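In: Structural data only, the sequence is not supplied:
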């Protein structure tokens, strides 16, 4: 049985979490898959990052071409962040027959057709489970275990930063600005939180959910998107008095009347399953014509949850490669 | 590409739901899998059941040997119910290289090793996603997308009948007996509800979760099991006053101190994700060393939800067979 060779591009938070799971949980991965694997390259500028995770320095390289033009690399894990460089790297790798796993929602959402075509051209796998809901296994589940369903309705709490802020505003009566600085202090918001609080991150994720669950690609820039910067404590209190909580909701519905989609703050009744999704947690609620209502709940970010989803993708690819 | 031939054994509630999804959602299943399939046999005594679902009467047969000794049948879907006959049928089919999909939790839980060995002997697939949580895709997800995790804690609300009864007792102040007869009236309890209210159904499901998530097989009869027949309105009210709801919980935890498992009514704090799982809904809450806390919520029973899980299993097998 062929050993699968993996190259990690970027050993920051998510790349590092992925490295840790692949090394520490090697026993259970081998037991569940029966497939052996090896990390052969780590594309990372800082040797300290390799040292931090106990990775051999001999794996470090800054020669991207030697990875994506290699005949020996089977899978690359793109944790570079950004847009132009990772998109170029992923496209070239896929065309060269190297499978790609990425958590980069913005890159995949904006370039879905091109990356999908590159994967088809190279007969390679493109997987991005970690791009939506972090550790929550939603995208593959829609395509595999739930493949017998037409999905008519999807509602997601897809951004941990905004959910944390809205929860603090409700439960501790904090103003938006105070809750945001609290989120930054606790590592739930980036120094520049624009993409989160303006709903852009949610729009990228909704784009990916719609294309996989409903077969409809809409460029994220075409998704009507409103963030939470205008939500006041008074709005939240008034909603609560009506028996609702305000959540930043990404919503898509496909009915005989048409196809609707948007990201915006919405009032969710307290007895709806999404209402109790608090703090930094994410959840995806969907309705299939066979399965009915379903909800998936978990951690939408973080090194190990996101790494868990990436490792799940790597495992699926390893199994697929053995069958070729 | 080979067409996959499917035999349905039993066209009652779940078999009928499976038939409906396989015929009505054929378009999306073909699109998502690229694999063609045909229902070639329906083992069912009552022709009226075939008529009810618009199935051609030419598919009806009562000759089980012609199915499980056939070289043309690729997958059987066992919806017969019961124990001895379905176990014998599944074992013979698996040894003959025919893959098996079943929602029969009692049969698989009691005979896991034997059925698993038969599948290995016949190089066939044995899948039973529908046996735990009905439509909720939990078992395959543990083995595939979450395969990079060691699971240390599983808590489930795995029985819709008892959850419906406990919800009515809490929300409408009904006595146990009244809530049970209400559940029967609304189709959420069997005429003989013993296996549900005594926790036996939950123990079977916990057995399957433990073997797949933790790699530990415990015969369901060895799982300490207590049902809800002794739970009073006073217990429920007192728990609520302490900020808790009483749920019938199936629990397994694997720590350095040992392996613990049981089924019993437990007080769940109102801010725990399982607390808001009401009525006939099921949920599985689990903790993995990489992914952290996760919860899956959905319909634990019913023709179409259970059929959705069975169809998901059929699809996985169809894809696997194409790669052989």
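Out: Great, that's in hand. Given the structure is predicted, the values throughout are model-derived calculations rather than measurements.
In: just for chain A, where's the confidence low?
Out: Scanning chain A for pLDDT under 70 picks out A:1.
In: all helices for it, in order.
Out: A:13-24, A:26-33, A:47-52, A:64-68, A:84-95, A:105-110, A:112-122, A:139-143, A:160-171, A:176-185, A:194-197, A:200-213, A:233-241, A:303-322 (DSSP state H).
In: what's the offset of the third one from the middle of its chain?
Out: Averaging C-alpha positions (Cα atoms, centre = their mean, to the nearest Å) puts helix A:47-52 25 Å from its chain's average.
In: Please apply the same query to the fifth one.
Out: For helix A:84-95, the separation from the chain centroid amounts to 18 Å (computed by Cα atoms, centre = their mean).
In: mind checking which of the helices of chain A is nearest residue B:82?
Out: Residue B:82 lies closest to helix A:139-143 among the helices of chain A, at 30.7 Å (Cβ to Cβ). All C-beta spots, glycine's among them, are computed from the backbone N, C-alpha and C.
In: out of the helices of chain A, which comes closest to residue B:215?
Out: Each of those has some distance to residue B:215 by Cβ to Cβ; the shortest is helix A:26-33, at 7.5 Å.
In: who's in contact with residue A:45?
Out: For residue A:45, the contacting residues are residue A:62, by Cβ atoms under 8 Å, 6 or more residues apart in numbering or on different chains.
In: Would you mind giving the helices of chain A as a markdown table with distance to chain B and mean neighbour count added?
Out: Output for these, formatted as a markdown table (distance: least, Cβ to the nearest Cβ, whole Å; neighbours: other Cβ atoms under 10 Å in any protein chain shown):
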| stretch | distance to chain B | mean neighbour count |
| --- | --- | --- |
| helix A:13-24 | 5 | 23 |
| helix A:26-33 | 4 | 16 |
| helix A:47-52 | 18 | 14 |
| helix A:64-68 | 22 | 17 |
| helix A:84-95 | 19 | 20 |
| helix A:105-110 | 17 | 23 |
| helix A:112-122 | 13 | 16 |
| helix A:139-143 | 5 | 22 |
| helix A:160-171 | 10 | 23 |
| helix A:176-185 | 18 | 17 |
| helix A:194-197 | 20 | 19 |
| helix A:200-213 | 10 | 25 |
| helix A:233-241 | 16 | 14 |
| helix A:303-322 | 3 | 25 |
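In: Of all the ones you listed, which one is nearest residue A:273?
Out: Nearest to residue A:273 among the helices of chain A is helix A:160-171; the distance by Cβ to Cβ comes to 14.3 Å.
In: And for residue A:150, nearest residue in space, chain neighbours not counted?
Out: Counting by Cβ to Cβ, 6 or more residues apart in numbering or on different chains, residue A:150 lies nearest to residue A:289, which is 4.7 Å off, once chain neighbours are set aside.
In: So what does residue A:135 look like in phi/psi?
Out: Torsion angles at residue A:135 (phi, psi; degrees, to the nearest 10) stand at phi -80, psi -10.
In: what about it, how many neighbours?
Out: Using other Cβ atoms under 10 Å in any protein chain shown, residue A:135 is surrounded by 30 other residues.
In: Could you double-check that it lies in contact with residue A:308?
Out: Yes - with contact taken as Cβ atoms under 8 Å, residue A:135 and residue A:308 are classed as touching, separated by 4.7 Å.
In: anything in contact with each of the two?
Out: Contact criterion Cβ under 8 Å, 6+ apart; residues bridging residue A:135 and residue A:308 by contacting each: B:290-291.
In: list the contacts for the most centrally placed residue in chain A?
Out: By Cα atoms, centre = their mean, the mean C-alpha position of chain A lies nearest to residue A:131, the distance being 1.7 Å. Going by Cβ under 8 Å, 6+ apart, residue A:131 touches A:102-105, A:108-109, A:139, A:204-205, A:208.
In: That's all I had, so thanks and see you.
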